[in-house]
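**Q** all I have is the shape, not the residue letters:
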Ligand code: ADP
């Protein structure tokens, strides 16, 4: 029996106390706007030093650092796809972000992880479709053997929050 709980929260992911929070980073891992900027501000300058040492991350993959000044023990940095109309395997790349982040959390014995709505800000991924892929990929991952007990979807904007409320009720 799988007892992992999927939970929905609204607001700022930097305030969560999960073992890991996921950052919707860009491929340089050197920080940016949106959730990336918020995470770097809250974690403090040591996060940027750690990211510099990693030296970048391809789209769809994930890298882990400590959480520094965050409540979260780890930050998992994943690079979502930029939306190009759906013709560049954006769907596969977005699913890979969720899968690879869960795998890294699992490998680091995390029991809780929180995701932002990857790619749905500046990267322009249609929100309803992104929510569907996020939920499907998380459910598929949790169906296998894993260490994760709680997965939070942290929605910052009202539109995503409403979409997830609806999708998770189905
Ligand atoms: P991307 O480049 O992957 O699109 P963005 O940071 O622009 O990344 O947006 C991704 C999502 O993160 C958006 O849905 C946005 O509303 C959300 N977001 C922005 N700031 C925060 C925050 N502090 N906590 C959680 N989510 C956030």
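**A** Done, it's in. Please read all numbers here as calculations on a predicted model, not as lab measurements.

**Q** now do the biggest helix by length in the chain, average pLDDT.
**A** Counting by DSSP state H, the longest helix found in the chain is helix 90-107. Throughout helix 90-107, pLDDT has a mean value of 98.

**Q** what is that helix packed up against?
**A** On a contact count with 3 or more Cβ pairs under 8 Å, 6 or more residues apart in numbering; DSSP states H and E, helix 90-107 meets strand 20-25, strand 62-66, strand 74-79, strand 112-115, helix 127-142. Every C-beta, even on glycine, is put in place using the N, C-alpha and C of the backbone.

**Q** burial count for residue 169?
**A** 7 (other Cβ atoms under 10 Å).

**Q** make residue 1 into 513 and carry on from there
**A** Sure thing, new numbering starts at 513, so read that last one as residue 681.

**Q** against the ligand, how distant is it?
**A** Separation of residue 681 from the ligand (Cβ to the nearest ligand atom, to the nearest Å): 20 Å.

**Q** now do residue 659
**A** Counting by Cβ to the nearest ligand atom, the separation of residue 659 from the ligand is 24 Å.

**Q** report pLDDT for residue 513.
**A** pLDDT for residue 513: 45.

**Q** and the protein, which residues reach the ligand?
**A** Residues of the chain lying close to the ligand (Cβ under 6 Å from any ligand atom) are 524-526, 536, 546-548, 550, 592, 628-635, 666, 668-669, 672.

**Q** follow-up on the earlier one: the longest helix of the chain vs strand 586-591, what angle?
**A** Counting by axes from the mean of the first three to the mean of the last three Cα atoms, to 10 degrees, helix 602-619 lies at 160 degrees to strand 586-591.

**Q** and helix 602-619, what's buried?
**A** By neighbour count on 16 or more other Cβ atoms under 10 Å, the buried set for helix 602-619 is 602, 605-614, 616-618.

**Q** measure how that helix sits relative to helix 639-654, angle-wise.
**A** Following the same axes, to 10 degrees, one obtains 40 degrees for the angle between helix 602-619 and helix 639-654.

**Q** which outside residues touch helix 602-619?
**A** With contact meaning Cβ atoms under 8 Å, 6 or more residues apart in numbering, helix 602-619 is reached by 531-532, 534, 571-576, 586, 588, 590-596, 625, 627, 630-631, 637, 641-642, 645-646, 648-650, 652-653, 658-660, 663.

**Q** report the distance from it to the chain centre.
**A** Mean C-alpha position of helix 602-619 versus that of the full chain (Cα atoms, centre = their mean, to the nearest Å) differs by 8 Å.

**Q** could you check the angle strand 574-578 makes with it?
**A** If you take the same axes, to 10 degrees, helix 602-619 sits at 40 degrees to strand 574-578.
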